[in-house]
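K.L.:
What would the 3D arrangement of this be:
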Amino acid sequence: MQPLVTVSGPIYLGEIVKYYKITQDDKYKTLIDGDSAKSLQQFAIQLAYGKADMKGDETFKVKYNEDDHKKKPLSDIYTFFRPILIASEKAAEALQCTKQQQLKLELPQEGLVGFFVTPLLENHLDKEKSKYDQGPNGYVVYKMALKNVSTIEHDIFRILESPQTIIVSEQLKERILKRNLKGFTLVEIPCTE
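P.N.:
Okay, the predicted model is just below:
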(Lines give C-alpha, C1' and ligand atoms only; values in the text may rest on other atoms or scores of the structure.)
Protein backbone atom coordinates (compact mmCIF):
# COMPACT_ATOMS: atom_id res chain seq x y z
CA MET A 1 0.00 0.00 0.00
CA GLN A 2 1.14 3.55 -0.64
CA PRO A 3 1.32 5.86 2.40
CA LEU A 4 -0.59 9.10 2.42
CA VAL A 5 1.70 11.61 4.10
CA THR A 6 0.01 13.76 6.74
CA VAL A 7 1.15 15.85 9.67
CA SER A 8 0.79 12.85 11.99
CA GLY A 9 2.79 10.55 9.72
CA PRO A 10 1.88 7.86 7.25
CA ILE A 11 -1.68 6.61 7.09
CA TYR A 12 -2.20 3.56 4.89
CA LEU A 13 -5.33 3.32 2.79
CA GLY A 14 -7.78 0.86 4.31
CA GLU A 15 -6.01 0.73 7.68
CA ILE A 16 -6.78 2.62 10.86
CA VAL A 17 -3.85 4.36 12.48
CA LYS A 18 -2.80 2.89 15.82
CA TYR A 19 -2.39 4.87 19.03
CA TYR A 20 -0.95 3.86 22.39
CA LYS A 21 -1.19 4.94 26.00
CA ILE A 22 2.27 5.36 27.54
CA THR A 23 2.78 4.22 31.15
CA GLN A 24 5.67 3.39 33.46
CA ASP A 25 7.14 -0.11 33.28
CA ASP A 26 6.87 -1.39 36.87
CA LYS A 27 10.27 -3.13 36.60
CA TYR A 28 11.94 0.31 36.82
CA LYS A 29 12.25 2.79 39.65
CA THR A 30 9.59 5.49 39.89
CA LEU A 31 10.28 9.18 40.37
CA ILE A 32 8.14 10.89 43.02
CA ASP A 33 7.97 14.30 44.65
CA GLY A 34 11.13 15.22 46.49
CA ASP A 35 11.55 17.29 49.62
CA SER A 36 10.41 20.70 48.42
CA ALA A 37 7.63 23.13 49.23
CA LYS A 38 6.00 22.84 45.79
CA SER A 39 4.63 19.46 44.65
CA LEU A 40 5.26 18.48 41.02
CA GLN A 41 2.39 15.99 41.32
CA GLN A 42 -0.07 18.71 42.31
CA PHE A 43 1.27 21.05 39.62
CA ALA A 44 0.88 18.29 37.00
CA ILE A 45 -2.76 17.74 37.99
CA GLN A 46 -3.41 21.49 37.81
CA LEU A 47 -1.78 21.64 34.35
CA ALA A 48 -3.85 18.67 33.16
CA TYR A 49 -7.11 20.35 34.10
CA GLY A 50 -6.19 23.88 32.99
CA LYS A 51 -5.83 25.27 36.52
CA ALA A 52 -2.14 26.26 36.05
CA ASP A 53 0.18 27.28 33.24
CA MET A 54 3.86 26.95 32.44
CA LYS A 55 4.65 30.58 33.28
CA GLY A 56 6.84 30.89 36.33
CA ASP A 57 10.31 30.08 37.51
CA GLU A 58 9.54 27.36 40.01
CA THR A 59 11.95 24.47 40.31
CA PHE A 60 10.50 21.14 41.37
CA LYS A 61 12.53 18.51 43.18
CA VAL A 62 11.95 14.84 42.43
CA LYS A 63 13.56 11.69 43.79
CA TYR A 64 13.42 7.94 43.35
CA ASN A 65 10.72 6.18 45.35
CA GLU A 66 12.53 4.55 48.29
CA ASP A 67 10.20 1.53 48.03
CA ASP A 68 11.69 0.77 44.60
CA HIS A 69 15.20 -0.08 45.85
CA LYS A 70 15.09 -3.53 44.19
CA LYS A 71 13.93 -2.18 40.81
CA LYS A 72 16.11 -1.22 37.85
CA PRO A 73 17.33 2.41 37.71
CA LEU A 74 17.89 4.54 34.62
CA SER A 75 14.57 4.46 32.83
CA ASP A 76 14.38 6.61 29.69
CA ILE A 77 10.79 7.71 30.34
CA TYR A 78 9.11 8.35 33.71
CA THR A 79 5.32 8.79 33.66
CA PHE A 80 4.32 9.25 37.32
CA PHE A 81 3.67 12.98 36.88
CA ARG A 82 1.44 12.70 33.78
CA PRO A 83 0.81 14.92 31.78
CA ILE A 84 4.41 15.79 32.59
CA LEU A 85 6.94 13.28 31.33
CA ILE A 86 10.48 13.07 32.64
CA ALA A 87 12.72 11.67 29.95
CA SER A 88 16.32 11.04 29.06
CA GLU A 89 17.75 13.41 26.46
CA LYS A 90 17.57 10.54 23.93
CA ALA A 91 13.87 10.01 24.73
CA ALA A 92 13.09 13.75 24.70
CA GLU A 93 14.56 13.90 21.19
CA ALA A 94 12.41 10.96 20.05
CA LEU A 95 9.33 12.56 21.64
CA GLN A 96 10.21 15.88 19.97
CA CYS A 97 10.05 17.83 23.20
CA THR A 98 10.37 21.61 22.75
CA LYS A 99 12.01 24.14 25.09
CA GLN A 100 8.60 25.81 25.67
CA GLN A 101 7.29 22.56 27.17
CA GLN A 102 10.22 22.03 29.57
CA LEU A 103 10.13 22.51 33.34
CA LYS A 104 12.89 23.29 35.81
CA LEU A 105 13.60 20.18 37.85
CA GLU A 106 16.12 19.01 40.43
CA LEU A 107 16.63 15.38 39.46
CA PRO A 108 18.42 12.41 41.06
CA GLN A 109 20.04 11.52 37.73
CA GLU A 110 21.93 13.57 35.13
CA GLY A 111 20.66 13.83 31.57
CA LEU A 112 16.91 13.97 32.28
CA VAL A 113 14.44 16.66 31.25
CA GLY A 114 10.86 17.21 32.32
CA PHE A 115 8.25 18.45 29.88
CA PHE A 116 4.51 19.05 29.70
CA VAL A 117 2.60 17.26 26.93
CA THR A 118 0.53 20.22 25.78
CA PRO A 119 -1.71 19.12 22.86
CA LEU A 120 -5.20 18.57 24.29
CA LEU A 121 -7.71 17.26 21.75
CA GLU A 122 -11.51 17.26 21.80
CA ASN A 123 -14.04 14.85 20.27
CA HIS A 124 -11.79 11.80 20.19
CA LEU A 125 -13.15 9.65 23.06
CA ASP A 126 -15.38 6.96 21.59
CA LYS A 127 -18.00 6.92 24.34
CA GLU A 128 -19.78 3.90 22.88
CA LYS A 129 -16.66 1.72 23.06
CA SER A 130 -14.98 3.21 26.15
CA LYS A 131 -15.72 2.37 29.77
CA TYR A 132 -16.00 5.47 31.92
CA ASP A 133 -17.96 7.32 34.57
CA GLN A 134 -19.01 10.92 34.16
CA GLY A 135 -19.47 13.06 37.23
CA PRO A 136 -19.82 16.74 38.03
CA ASN A 137 -16.04 17.27 37.77
CA GLY A 138 -15.54 15.39 34.51
CA TYR A 139 -14.75 11.86 33.41
CA VAL A 140 -13.00 8.87 34.93
CA VAL A 141 -11.96 6.70 31.98
CA TYR A 142 -11.30 3.05 32.83
CA LYS A 143 -10.93 1.69 29.30
CA MET A 144 -10.35 4.10 26.44
CA ALA A 145 -11.27 3.83 22.78
CA LEU A 146 -10.57 6.64 20.29
CA LYS A 147 -12.68 7.84 17.37
CA ASN A 148 -12.04 10.23 14.48
CA VAL A 149 -8.39 9.17 14.45
CA SER A 150 -7.90 10.23 10.82
CA THR A 151 -8.25 13.87 11.94
CA ILE A 152 -5.51 13.69 14.61
CA GLU A 153 -2.47 15.78 13.65
CA HIS A 154 -0.21 15.09 16.64
CA ASP A 155 2.21 12.28 17.47
CA ILE A 156 1.87 12.86 21.23
CA PHE A 157 -1.24 14.31 22.84
CA ARG A 158 -3.95 14.07 25.49
CA ILE A 159 -7.74 14.07 25.20
CA LEU A 160 -10.11 16.37 27.04
CA GLU A 161 -11.99 13.55 28.81
CA SER A 162 -8.77 12.03 30.21
CA PRO A 163 -6.20 14.86 30.30
CA GLN A 164 -3.64 12.97 32.40
CA THR A 165 -3.38 10.13 29.87
CA ILE A 166 -0.58 10.54 27.34
CA ILE A 167 -1.25 9.06 23.93
CA VAL A 168 1.36 8.44 21.22
CA SER A 169 1.03 7.55 17.55
CA GLU A 170 2.37 4.46 15.81
CA GLN A 171 4.98 6.70 14.17
CA LEU A 172 6.22 7.95 17.55
CA LYS A 173 6.19 4.41 18.91
CA GLU A 174 8.51 3.38 16.08
CA ARG A 175 10.90 6.30 16.83
CA ILE A 176 10.98 5.26 20.49
CA LEU A 177 11.61 1.60 19.71
CA LYS A 178 14.37 2.38 17.16
CA ARG A 179 16.29 4.18 19.91
CA ASN A 180 16.00 1.17 22.26
CA LEU A 181 14.46 3.28 25.01
CA LYS A 182 13.48 1.53 28.23
CA GLY A 183 11.37 1.93 31.34
CA PHE A 184 7.91 2.37 29.86
CA THR A 185 5.01 0.35 28.46
CA LEU A 186 2.88 1.14 25.41
CA VAL A 187 -0.70 -0.13 25.57
CA GLU A 188 -2.62 -0.10 22.30
CA ILE A 189 -5.89 1.86 22.35
CA PRO A 190 -8.78 0.60 20.18
CA CYS A 191 -9.46 3.13 17.40
CA THR A 192 -12.14 3.89 14.82
CA GLU A 193 -12.31 6.38 11.98
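
K.L.:
and residue 101, what are its phi and psi?
P.N.:
Per-residue torsions, residue 101: phi -90, psi -10 (degrees, to the nearest 10).

K.L.:
Just confirm residue 92 contacts residue 115, I think it does.
P.N.:
Yes. Under the criterion of CB atoms under 8 Å, residue 92 makes contact with residue 115 at 6.7 Å. Every C-beta, even on glycine, is put in place using the N, C-alpha and C of the backbone.

K.L.:
Show me which strand runs longest in this protein.
P.N.:
If you go by DSSP state E, the chain has its longest strand at strand 162-169.

K.L.:
for it, packing partners?
P.N.:
Judged by 3 or more CB pairs under 8 Å, 6 or more residues apart in numbering; DSSP states H and E, the packing partners of strand 162-169 are strand 19-24, helix 40-48, strand 138-143, strand 156-159.

K.L.:
Can you pull the phi and psi angles for residue 99?
P.N.:
Taking degrees, to the nearest 10, you get phi -60, psi -30 for the backbone angles of residue 99.

K.L.:
One more: the one 5 residues further on?
P.N.:
Here the main-chain torsion angles of residue 104 (degrees, to the nearest 10) amount to phi -90, psi 120.

K.L.:
ok, residue 86 - contacts?
P.N.:
Residues in contact with residue 86 (CB atoms under 8 Å, 6 or more residues apart in numbering) are 31, 62, 77-78, 105, 107, 112-114.

K.L.:
Now flag whichever of those residues is closest to residue 157.
P.N.:
residue 77 (15.9 Å; CB to CB).

K.L.:
I'd like to know how far the closest one sits from residue 22.
P.N.:
For residue 77, the distance to residue 22 equals 7 Å [CB to CB, to the nearest Å].

K.L.:
And the two? Which one has more around it.
P.N.:
residue 77 (26 against 22; other CB atoms under 10 Å).

K.L.:
Please look at residue 78 and residue 183 and confirm they touch.
P.N.:
Yes. Using CB under 8 Å, residue 78 is in contact with residue 183, at 7.0 Å.
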